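Trainee: got a predicted structure here, sequence first:
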Amino acid sequence: METLRIRFWILALILMLASFSTFGKGQYEEGKPGAKYVGKKTCSKCHSQIYKTFMKSGHPWKLTKVVDGKPPQYPFTTLPELPKGYTWNDISYVIGGYNWKARFIGKDGFIITGPKGDSTYLNQYNFANPIVGTKAGWTTYHSGQKKPYSCGSCHTTGYSDWPRDSHQDGLPGLIGTWAEPGITCERCHGPGSLHAENPRGVSMKIDRSSAQCGECHLRGEPEAVNASGGFIKHHEQYEELFQSKHIVLDCVLCHDPHKGVIQLRKAGEQTTRTKCVNCHFEKARYQASKVMKAVGVKCIDCHMPRVTKSAVGNAAKFTGDIRTHLMAIDPEQIGQFTADGKTALSQLGLNFSCRSCHVKGGSASVLSDDVLKEKAYGYHDRPRKL
């Protein structure tokens, strides 16, 4: 009996090993290595229209390599100058530059921060923001400190931090390596060499889940929304959605991943694929204030106020430069952050939802906390019919 049991397990092991040896045949050619990154230009040969559209969005411009000492050409912005003492021949990469701000990386791979100990050195260029009320100009970013570039996991395609001492282009300040700077096709769809060689036989990855976007659109654990200086820190949309029932929705239901909000706004087009009213039609229909509806106040003005800061913000007027994806308003809540200011509360308070307009110097009359609470309660209640 024992001999039969041993023979059975030996046969099972042989069959298992045989199945492993044939696993994946038909999907990849035998003897071929795994897929490699081929770059956005290769993708554009077949997907030219998507490529043209995508290159007007912000994703490809998160990090741009400077070639032959010439400034990058962005879709909607121009960098008029560089940090004091530098020319384009001294710059290896530009961080950002698409819409909000730009920082610069020197030939050693470190972010340009100025002379050691000089905390006043101006090294971050902010574009003008009429909503916040700021002009274009320079500000400080870790000035006087030695700052390596360690943002490749969310600012590049094909990023790797292994081995631990690897440096892109051999520059000591660049932490890790990447196949291509910026968020391009293969960051979301995976390396494309096998698909390029056999488009019909090998499909690319298509992941429509919010978790895919959440690989970059978060700062830490999703249970908390990080904040500082009176604003939510930028790129925390996944953490914000995680606070509410909207987490069950996929980001791509509202956003076309190949089109950015900025480019759609520049073209005068609707910035989302669907509207709030498509789901919340009763809330849109029943509003206590006829004035706000008449003057064109939109759902997002109250339910997605600019609580987030990327480059500039005006804390006194409760206005940052990016809209939040926190959407539920708590009429009992005035403030937006914990006592230490390091975490945003899960619901919107009336300071940002209301006082981005109802504040001194704002577009509407100044209202007290008690009046704001009174007006916020039942704002979208269905009126009683007699």
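Mentor: Cool, the structure landed.
Trainee: Three-state assignment for residue 84, please.
Mentor: Put simply, residue 84 is coil when judged by DSSP: H, G, I helix; E, B strand; the rest coil.
Trainee: quick check: it vs residue 154, distance?
Mentor: Residue 84 sits at a distance of 29 Å from residue 154 (criterion: Cβ to Cβ, to the nearest Å). Placement of C-beta: from N, CA and C, glycine included.
Trainee: what sits against residue 367?
Mentor: 354-355, 358, 375 (Cβ atoms under 8 Å, 6 or more residues apart in numbering).
Trainee: next one: residue 192
Mentor: So, once contact is read as Cβ under 8 Å, 6+ apart, residue 192 ends up touching 35, 37-38, 42-43, 185-186, 204.
Trainee: among the residues you listed, which ones are in helices?
Mentor: Taking DSSP state H, the ones among these that sit in helices are 42-43, 185-186.
Trainee: in a markdown table, list those along with distance to residue 366, pLDDT and neighbour count.
Mentor: Shown next, in a markdown table, are these (distance: Cβ to Cβ, whole Å; pLDDT from 0 to 100; neighbours: other Cβ atoms under 10 Å):
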| residue | distance to residue 366 | pLDDT | neighbour count |
| --- | --- | --- | --- |
| 42 | 57 | 98 | 16 |
| 43 | 53 | 98 | 21 |
| 185 | 49 | 98 | 26 |
| 186 | 51 | 98 | 25 |
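Trainee: nearest to residue 58, out of the residues you listed: which one, please.
Mentor: Sorting those by how near they are to residue 58, with Cβ to Cβ, puts residue 185 at the top with 14.8 Å.
Trainee: so where's the chain uncertain?
Mentor: For the chain, the stretches flagged by pLDDT under 70 are 1-32, 386.
Trainee: at which residues are the strands of it located?
Mentor: 63-65, 91-96, 101-106, 110-111, 124-126, 137-139, 147-148, 156-157, 180-181, 225-228, 231-233, 308-309, 343-344 (DSSP state E).
Trainee: which of the ones you listed sits closest to residue 278?
Mentor: That would be strand 308-309 among the strands of the chain, by Cβ to Cβ, at 24.2 Å.
Trainee: the closest one packs against which elements?
Mentor: Packing partners of strand 308-309 (3 or more Cβ pairs under 8 Å, 6 or more residues apart in numbering; DSSP states H and E): strand 231-233.
Trainee: each with direction, which strands does the strand it packs on pair with?
Mentor: Applying DSSP bridges to the sheet, strand 231-233 is found paired with strand 225-228 (antiparallel), strand 308-309 (parallel).
Trainee: list the residues that contact the closest residue to residue 212 other than its chain neighbours.
Mentor: Among residues not flanking residue 212 along the chain, residue 188 sits closest, at 6.6 Å (Cβ to Cβ, 6 or more residues apart in numbering). Counting by Cβ under 8 Å, 6+ apart, residue 188 touches 205, 207, 212, 257.
Trainee: so how far is residue 65 from residue 188?
Mentor: 20 Å.
Trainee: who has more neighbours, residue 84 and residue 154?
Mentor: Neighbours per residue (other Cβ atoms under 10 Å) separate residue 84 from residue 154, with residue 154 holding more: 16 against 11.
Trainee: nearest spatial neighbour of that one, skipping sequence neighbours?
Mentor: In space, residue 154 is closest to residue 216, 4.0 Å off (Cβ to Cβ, 6+ apart).
Trainee: neighbours around residue 348, how many?
Mentor: 23.
Trainee: can you pull out the helices in the stretch 101-250 of the chain?
Mentor: Using DSSP state H, counting those that start in this stretch, the helices of the stretch 101-250 of the chain run over 152-155, 185-189, 193-197, 210-213, 237-242.
Trainee: mind putting those into TSV with distance to residue 296?
Mentor: Shown next, in TSV, are these (distance: least, Cβ to Cβ, whole Å):
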stretch	distance to residue 296
helix 152-155	35
helix 185-189	35
helix 193-197	46
helix 210-213	30
helix 237-242	25
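Trainee: which residues are contacting stretch 146-158?
Mentor: By Cβ under 8 Å, 6+ apart, stretch 146-158 touches 37, 62-63, 93, 95, 105, 109-111, 113, 116, 141, 159, 161, 168, 172-187, 191, 215-216, 235.
Trainee: show the contacting residues for the closest residue in space to residue 330 that isn't next to it in sequence.
Mentor: Distance criterion Cβ to Cβ, 6+ apart; nearest residue to residue 330, sequence neighbours excluded, is residue 347 at 3.9 Å. The contact partners of residue 347, taken as Cβ under 8 Å, 6+ apart, are 243, 326, 328-330, 333.
Trainee: which single one of the contacts of residue 192 is nearest to residue 195?
Mentor: Of these, the one sitting nearest to residue 195 (Cβ to Cβ) turns out to be residue 204, at 5.0 Å.
Trainee: assess the claim that that closest one and residue 189 are in contact.
Mentor: Yes - using Cβ atoms under 8 Å, residue 204 is in contact with residue 189, at 4.4 Å.
Trainee: sorry, back to before: just the buried residues of the contacts of residue 188.
Mentor: Taking 16 or more other Cβ atoms under 10 Å as the criterion, what is buried in the contacts of residue 188 is residue 212.
Trainee: picking that back up, generate a ChimeraX selection restricted to the buried subset of the contacts of stretch 146-158.
Mentor: Here is the ChimeraX command that picks out the buried ones among the contacts of stretch 146-158, judged by 16+ other Cβ under 10 Å:
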select :37,62,63,93,95,105,109,110,111,113,141,159,168,173,174,175,176,177,178,179,180,181,182,183,184,185,186,187,191,216,235
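Trainee: can you give me the domain assignment for this structure?
Mentor: Listed by automatic domain parsing, the domain ranges of the chain are 40-189, 212-376.
Trainee: okay, those in a markdown table with distance to residue 195 next?
Mentor: Putting the domains of the chain into a markdown table (distance: least, Cβ to Cβ, whole Å) gives the following:
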| stretch | distance to residue 195 |
| --- | --- |
| domain 40-189 | 8 |
| domain 212-376 | 17 |
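Trainee: quick one: which of those is nearest residue 385?
Mentor: Between the domains of the chain, domain 212-376 lies closest to residue 385; by Cβ to Cβ that is 11.8 Å.
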